[in-house]
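Undergrad: sequence below, structure please.
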Amino acid sequence: MKKTAVIVAGGTGVRMGSELPKQFLLLKNKPLLFYTIDVFLKAYDDLEIILVLPEAYVDMGQEIIDAYFDKDRVRITIGGATRFESVKNGLQQVHEEAIVFVHDAVRCLVSERLIRRCYEQALETGSAIPVIPSSDSVRLITEEGSDALEREKIVLVQTPQVFHSKILVPAFSIEQKGKFTDEASVVEAFGIKVSLVEGEQNNIKITHPIDLVMAEALLPSSAL
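TA: Numbers count the residues shown, from 1 in each chain. Now for the predicted structure:
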């Protein structure tokens with residue numbers, strides 16, 4: 001089955017307090033984006049990447065591709081104003097039946113093992129959403145205040161979120177709604193249930209400056 005990864009790198013770096021989008025910040029002297037692209041290309045020799053970037057940073061993204069990777073395996077397309085629009089733009093480049101990974105560019109510590117586990121699950125069930133248990137107590141904010149939730153019934157959602165293209169591409173034809181925070185919510189709104197798969201604690205999303213410090217400590221030596 002053809003394999004395509006849509007890597008969404010549309011962030012602006014506001015929460016990082018940086019003028020440079022966080023996907024281009026340096027980690028061990030290489031951009032975060034390098035590690036994300038690298039692990040997907042290593043996971044499967046026949047996988048291709050569609051890299052979704054803000055228009056103003058296409059040239060910077062192309063420089064990274066030219067410096068480190070086989071440019072025939074990585075294509076760039078322009079992102080939209082929202083994640084939904086950016087993913088939709090990426091999916092417009094999927095022209096053949098495939099297993100499609102959608103991944104946050106700033107989850108640069110994702111492992112080949114998790115990528116393969118998600119692929120195998122999606123091949124079997126049509127979808128694979130990596131999740132990890134919540135280690136914190138959680139509460140639901142209500143009009144009256146807040147309610148405690150059962151932590152054992154809460155999971156935290158990660159990427160890559162992986163689907164058969166026959167499910168994901170049509171799902172993104174529906175109208176965008178505010179509740180769409182990830183691809184799983186889009187597919188469920190389209191009327192299709194999703195399958196969960198075990199995620200990884202180290203698969204953190206680089207959002208705040210402390211995350212960059214953690215990523216440097218967690219980065220495996222094999223990635224350098």
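
Undergrad: tell me the mean pLDDT for the longest helix anywhere in the chain?
TA: Criterion DSSP state H: the longest helix present in the chain is helix 112-125. What helix 112-125 shows for mean pLDDT is 98.

Undergrad: now swap in stretch 23-38 and tell me
TA: On average, stretch 23-38 scores 95.

Undergrad: which helices and strands does the helix or strand that contains Y35 pack with?
TA: Assigned by DSSP states H and E, Y35 belongs to helix 32-43. Judged by 3 or more Cβ pairs under 8 Å, 6 or more residues apart in numbering; DSSP states H and E, the packing partners of helix 32-43 are strand 2-8, strand 47-53, helix 58-68, strand 98-104, helix 112-125. For every residue, glycine as well, the C-beta is placed using N, CA and C.

Undergrad: kindly recompute the last result at 6 Å.
TA: Counting contacts by 3 or more Cβ pairs under 6 Å, 6 or more residues apart in numbering; DSSP states H and E, helix 32-43 packs against helix 58-68, helix 112-125.

Undergrad: possible to save those helices as TSV with mean neighbour count and distance to R151?
TA: Formatted as TSV, the helices and strands packed on helix 32-43 follow (neighbours: other Cβ atoms under 10 Å; distance: least, Cβ to Cβ, whole Å):
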stretch	mean neighbour count	distance to R151
helix 58-68	15	39
helix 112-125	18	23
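
Undergrad: mind putting those helices into JSON lines with distance to L27?
TA: Listed next are those as JSON lines, based on distance: least, Cβ to Cβ, whole Å:
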{"stretch": "helix 58-68", "distance to L27": "13"}
{"stretch": "helix 112-125", "distance to L27": "18"}
